[in-house]
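Engineer: sequence and predicted structure below; questions after.
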Amino acid sequence: MFGVHRKIKAWEQVGLISADQAVSITAFERDRQKGRFAGGLMGLSLFAILVGVLMVIGANWNDIPDAAKLVVHAVLNIGAAVAVWRFHARGMDVWREGAVLVLAGLTLTFMALVGQIYHLNGGAGGLLALWLIVISPFMVIYGRTMLTAIPWVLAFLGCIPVIMDQYLHDLPDIWMLFYSLAVAVWLPLAMCADGFTRMFRAFRPIWAFVVMRAGFILLTFTGMMATMLWYVDRAKELGTIARDSGMEYGTAYLVAVAVPLIALAGMAVHYALYNSRVEDRAFYRATLGYCGLCVVSVLLPFLIPSPDSSFMAGLTFIAFWIGAGWYGHLTGAMRLVTLSVTLIGIRIYVIFLEAFAGLMTTGFGLIIAGVAMLGMIWGLRRANRYVRSLSNTQSHSSGGQS
């Protein structure tokens with residue numbers, strides 16, 4: 001609230017809003033943030049209770065009959081489901097969210113208990129997949145706030161590696177690479193697209209925001225980590241994978257580059273279908289361009305399977321975060337701008353440590369890099385002004401013709 005209050009005061013001082021509007025905005029923000037502290041404490045309390053119950057049960061697990069375990073656990077599940085329904089009917093949102101989380105956790109432990117008692121064949125991947133299928137509709141229907149949206153997204157993303165490890169570990173290495181790249185690239189793009197859909201945003205706006213934000217974070221992380229592939233001799237590694245998979249190198253190469261190429265083709269189709277229908281075209285194009293940057297960052301190391309190169313690793317890392325910072329500048333995401341500047345500065349220092357490792361030469365290198373960065377920033381600002389002047393000229397000319 002302190003940061004918001006400071007911004008409101010600054011807006012009022014420069015005349016963007018009146019005093020009455022400042023009071024109204026402050027009151028709105030204060031009401032909107034009510035219950036966060038209580039909700040967080042309630043979540044911690046419920047988590048502590050759940051862990052305590054599990055520890056007590058675990059200490060006496062062998063002495064409890066199997067039938068009693070199932071009956072007591074079923075009663076707990078039913079009680080949690082009834083609590084969700086009651087809290088929802090009474091409009092007790094925070095308690096409903098907490099009860100939904102408790103029911104989700106109890107459902108997972110109940111499934112694990114049934115598998116243990118009846119010695120069902122299956123691993124953790126199958127259990128988690130079934131659990132997600134069962135609890136996801138329930139959480140989406142009764143979940144409203146970040147108290148349920150964030151845990152579900154974290155659980156979903158955490159379950160994926162376990163499920164893949166169980167069902168895909170017998171595949172040849174080349175197809176393991178394909179599915180790993182597909183999850184790293186396609187899944188974040190799908191989450192971003194899902195979070196932007198009007199139906200999802202109208203039905204569950206907070207859930208849509210969390211899913212979209214998680215997709216952007218994952219895609220950014222994927223694009224950044226892909227720059228580290230330049231430290232590896234991709235041709236050698238891909239040749240080894242192709243040989244172990246009984247596949248020719250050319251075919252393995254096509255499999256590796258297929259994932260980012262398909263992603264770029266899908267983004268092109270999305271642009272062709274939705275560019276004319278979005279409300280904010282500038283934001284849409286900037287966002288799509290940033291997603292394309294992340295995908296290209298994954299594509300380049302496989303498209304150019306040259307020997308390892310620390311220079312290319314540093315160059316692509318800096319280029320990637322310059323693009324990310326530019327996207328943050330265009331869309332007003334100042335945290336992304338700050339993160340970009342910080343990481344670029346750290347990476348420049350690492351580059352000169354890798355190249356020279358001496359204090360004197362590193363100092364001169366940093367001075368040169370700083371001057372080069374200032375020149376780059378100056379050029380970007382000039383280019384931005386030029387583009388804005390062109391757009392303003394076109395808008396004035398179109399207005400005069402109309």
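Structural biologist: Okay, I see it. Residues are numbered from 1 along each chain as shown.
Engineer: which residues of this protein score low on pLDDT?
Structural biologist: Judged by pLDDT under 70, the chain has its weakly predicted residues at 1-5, 32-39, 43, 57, 352-366, 369, 373, 376-377, 380-381, 383-402.
Engineer: got the domain ranges for it?
Structural biologist: Partitioning the chain according to automatic domain parsing yields domains covering residues 1-34, 46-170, 172-376.
Engineer: so which of those is nearest residue 40?
Structural biologist: domain 46-170 (8.5 Å; C-beta to C-beta). Glycine gets a C-beta too; all of them are placed from N, C-alpha and C.
Engineer: centre of the chain versus the closest one, how much separation?
Structural biologist: Distance of domain 46-170 from its chain centroid, counting by C-alpha atoms, centre = their mean, to the nearest Å, is 23 Å.
Engineer: where along the stretch 201-350 of the chain do the helices fall?
Structural biologist: In the stretch 201-350 of the chain, the helices defined using DSSP state H, counting those that start in this stretch lie at 205-226, 234-244, 249-274, 281-303, 310-331, 334-355.
Engineer: how about CSV for those helices, with mean neighbour count and distance to residue 378 added?
Structural biologist: Below are those laid out as CSV (neighbours: other C-beta atoms under 10 Å; distance: least, C-beta to C-beta, whole Å):
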stretch, mean neighbour count, distance to residue 378
helix 205-226, 19, 26
helix 234-244, 16, 35
helix 249-274, 16, 31
helix 281-303, 19, 22
helix 310-331, 19, 14
helix 334-355, 16, 15
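Engineer: so which of those comes closest to residue 11?
Structural biologist: Across those, residue 11 has its closest neighbour in helix 334-355 (15.8 Å, C-beta to C-beta).
Engineer: list the helices and strands the closest one packs on?
Structural biologist: helix 310-331, helix 359-401 (3 or more C-beta pairs under 8 Å, 6 or more residues apart in numbering; DSSP states H and E).
Engineer: excluding chain neighbours, what is closest to residue 328?
Structural biologist: The spatially closest residue to residue 328, leaving aside those adjacent along the chain, is residue 336, at 3.3 Å (C-beta to C-beta, 6 or more residues apart in numbering).
Engineer: mind putting the helices of the stretch 201-350 of the chain into JSON lines with distance to residue 188?
Structural biologist: Output for the helices of the stretch 201-350 of the chain, formatted as JSON lines (distance: least, C-beta to C-beta, whole Å):
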{"stretch": "helix 205-226", "distance to residue 188": "4"}
{"stretch": "helix 234-244", "distance to residue 188": "22"}
{"stretch": "helix 249-274", "distance to residue 188": "10"}
{"stretch": "helix 281-303", "distance to residue 188": "8"}
{"stretch": "helix 310-331", "distance to residue 188": "14"}
{"stretch": "helix 334-355", "distance to residue 188": "15"}
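Engineer: quick one, which of the ones you listed is nearest to residue 15?
Structural biologist: Short answer: helix 334-355, nearest of the helices of the stretch 201-350 of the chain by C-beta to C-beta, at 22.2 Å.
Engineer: got the angle for that closest one vs helix 310-331?
Structural biologist: 170 degrees (axes from the mean of the first three to the mean of the last three C-alpha atoms, to 10 degrees).
Engineer: for residue 201, which non-adjacent residue is spatially closest?
Structural biologist: residue 208 (4.4 Å).
Engineer: contacting residues around the one you found?
Structural biologist: 194, 195, 196, 197, 200, 201 (C-beta atoms under 8 Å, 6 or more residues apart in numbering).
Engineer: could you redo the last one with a cut-off of 7 Å?
Structural biologist: 195, 200, 201 (C-beta atoms under 7 Å, 6 or more residues apart in numbering).
Engineer: quick check: closest non-adjacent residue to residue 136.
Structural biologist: residue 152 (7.1 Å).
Engineer: buried ones in the helix or strand harbouring the one you found?
Structural biologist: Under the criterion of DSSP states H and E, residue 152 resides in helix 146-168. In terms of neighbour count (16 or more other C-beta atoms under 10 Å), helix 146-168 has its buried residues at 146-149, 151-153, 155-156, 159-160, 162-164, 166.
Engineer: now residue 337: how far from residue 63?
Structural biologist: Distance, residue 337 to residue 63, using C-beta to C-beta, to the nearest Å: 59 Å.
Engineer: I'd assumed residue 305 was in contact with residue 234.
Structural biologist: Yes - using C-beta atoms under 7 Å, residue 234 is in contact with residue 305, at 4.1 Å.
Engineer: OK, contacts around the residue lying closest to residue 341 once chain neighbours are set aside?
Structural biologist: The shortest distance from residue 341 to any non-neighbouring residue, by C-beta to C-beta, 6+ apart, is to residue 325 (6.3 Å). If a contact means C-beta under 7 Å, 6+ apart, then residue 325 has 336, 337, 340, 341 as its contacts.
Engineer: helix/strand/coil for residue 120?
Structural biologist: coil (DSSP: H, G, I helix; E, B strand; the rest coil).
Engineer: can you give me the neighbour number for residue 245?
Structural biologist: For residue 245, the neighbour count with other C-beta atoms under 10 Å is 18.
Engineer: list the contacts for it?
Structural biologist: 172, 173, 174, 252.
Engineer: tell me the contacts of the last one?
Structural biologist: Spelled out, that is residue 252. With the criterion set at C-beta under 7 Å, 6+ apart, residue 252 makes contact with 174, 238, 241, 242, 245.
Engineer: now it. Nearest residue, chain neighbours left out?
Structural biologist: Nearest to residue 252 is residue 242, by C-beta to C-beta, 6+ apart, at 3.5 Å.
Engineer: list the contacts for the one you found?
Structural biologist: 174, 248, 249, 252.
Engineer: format those as a markdown table; extra columns: distance to residue 295.
Structural biologist: A markdown table is the format used below for those (distance: C-beta to C-beta, whole Å):
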| residue | distance to residue 295 |
| --- | --- |
| 174 | 20 |
| 248 | 26 |
| 249 | 23 |
| 252 | 20 |
